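Student: Model the following, please.
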Amino acid sequence: MEENALAVVNDQLFQAIEAGDELPELNKQEEKKVMEHVNKLSLRFMRDAIKMAGIKSMNLLVRTAQSCMHTLLNYLHRKQLKNHTKLRSRIQDALCSFLYSLKDHYTDHFDHNGSMPLPVWLPLHEKLIQAIGPGEDSVFEGMEYELLSVVKNSLEDIGNGKTPSYRMADYWTMLLEKVSTALPGSGNTTLRAIFTLVAYNFNSARFVQYLVDRYMAGLPTAGNALEQWKHNLLHVNRIIEVPGYALYVNAASCKHTLTNIIQTEIAACNFTREGETFMASQPFLKYGLSVQQLALFLRVQVEAGVLVCDNVTEFFKTMCLHSCTTRADGLSAESLLKKYYEKDRGSIMILLEYNARMHNLLKSYLR
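Tutor: I've put the predicted structure just below:
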């Protein structure tokens, strides 16, 4: 191979990409020569080119070729947006084919975490969007629209001119295939799709929030939320994760995050229950008065300055948690407050008797 072979190919490629803009269009013979060079792109060609540079690492060989194709394809894409030509399209197809051959045949050396060039990602992105739907061909057909939106928006999160890594693109392709094969049959398609997404670690923040909102909506409006959260945890624990898969490699797994959230809710329910049990177990102050008499008794103490109370309603709420009468096991703050301002003659007479008794007791203490 001639010493300047790599330079010749690069010059021809860039000239072809530039053709139609700054440089005049190539004639048929020149186009044929360019395509011959493009079609000769092979691992042997890249090996010889890298060898001339004194590099012998297979990893570096494949990744240098990958980086070269990435740069050329993105540059080609920008040029095509300004002025589309058939020759550029042919070069693009050839370069994409070479890039895929590197990925498929030398997968152990390929940088799967490297970002995809736009000409490779955009057609795949369009196929993924069509597969997600909505539409008759959607793999999510027949399930909750909210779930479809969550999956679609998670894919669109990649946007803003960025492209995903090859690994993430492969994950999306695999995931939609698994969802489509898991859904046929009887039963709730939404639940089966959710189980599949969790099993294959679709750890999108949107998806986790969707599941938490779904669990919250299923809580009983009145009753024991603790049992429902335990039921939810049981369902999540039954999902078996498939190892080696993740939408985001460096993030916690979907199942792990869900489990932590549900366990936190269970702990909160237990704390509330323990608090209620503790309050219920506290000793009660038992008054030998009726509710009417007790309300009047409290009013006298407040107005006489014995009890300093800025907010009678809040005071009654606190007091009722720990008080009862000989005639009632539980007190109602609303009932006390209602009777607080009533001047019941019978209650007044009874309290006067208690007052006389207390007066005599105090006098006896002085002896």
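
Student: in the stretch 101-250 of the chain, which ranges drop under the pLDDT threshold?
Tutor: Within the stretch 101-250 of the chain, the set of residues satisfying pLDDT under 70 comprises 159-161, 183-187, 221-223.

Student: those helices in it, which residues are they?
Tutor: 118-132, 145-156, 166-182, 189-199, 205-217, 225-237 (DSSP state H, counting those that start in this stretch).

Student: and those, which is most packed in?
Tutor: With neighbours defined as mean count of other C-beta atoms under 10 Å, those peak in mean count at helix 189-199, which reaches a mean of 19. (C-beta placed from N, C-alpha, C; glycine too.)

Student: if we can go back for a sec, with distance to K286 added, can I get the helices of the stretch 101-250 of the chain in TSV?
Tutor: Formatted as TSV, those follow (distance: least, C-beta to C-beta, whole Å):
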stretch	distance to K286
helix 118-132	66
helix 145-156	54
helix 166-182	63
helix 189-199	53
helix 205-217	41
helix 225-237	32
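
Student: out of those, nearest to T257?
Tutor: Within these, the stretch nearest T257 is helix 205-217; the backing value is 5.3 Å (C-beta to C-beta).

Student: which strands and helices sit next to that closest one?
Tutor: Secondary-structure packing of helix 205-217 (3 or more C-beta pairs under 8 Å, 6 or more residues apart in numbering; DSSP states H and E): helix 145-156, helix 225-237, helix 254-281.

Student: export the ones you listed to TSV and tack on distance to T173?
Tutor: Output for those, formatted as TSV (distance: least, C-beta to C-beta, whole Å):
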stretch	distance to T173
helix 145-156	11
helix 225-237	26
helix 254-281	18
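
Student: What lies in contact with stretch 143-155?
Tutor: 125, 128-129, 132-134, 138, 140, 172, 183, 189-190, 193-194, 197, 202, 204, 206-207, 210, 247 (C-beta atoms under 8 Å, 6 or more residues apart in numbering).

Student: Go ahead and measure how far that stretch is from the middle of the chain.
Tutor: Relative to the centre of its chain, stretch 143-155 is centred 12 Å away, using C-alpha atoms, centre = their mean, to the nearest Å.

Student: May I have the predicted confidence score for the residue lying closest to L226 once chain neighbours are set aside?
Tutor: In this structure, L226 finds its nearest non-sequential neighbour in C269, 3.9 Å apart by C-beta to C-beta, 6 or more residues apart in numbering. Note for C269: predicted pLDDT of 79.

Student: repeat for G346
Tutor: For G346, pLDDT reads 83.

Student: elements contacting the helix or strand that contains it?
Tutor: For G346, the host element (DSSP states H and E) is helix 345-365. If you count contacts as 3+ C-beta pairs under 8 Å, 6+ apart, helix 345-365 packs onto helix 291-304.

Student: Pull up the gap between Y171 and H70, please.
Tutor: Per C-beta to C-beta, to the nearest Å, Y171 is found 19 Å from H70.

Student: Of all the helices and strands packed on helix 205-217, which one is nearest R299?
Tutor: Taking the helices and strands packed on helix 205-217 one by one with C-beta to C-beta, helix 254-281 is closest: 25.9 Å.

Student: Roughly how far does the nearest residue to P220 once chain neighbours are set aside sit from E36?
Tutor: Of all residues not flanking P220 in the chain, Q228 sits nearest, at 6.2 Å (C-beta to C-beta, 6+ apart). Computed as C-beta to C-beta, the Q228 to E36 distance reads 69 Å.
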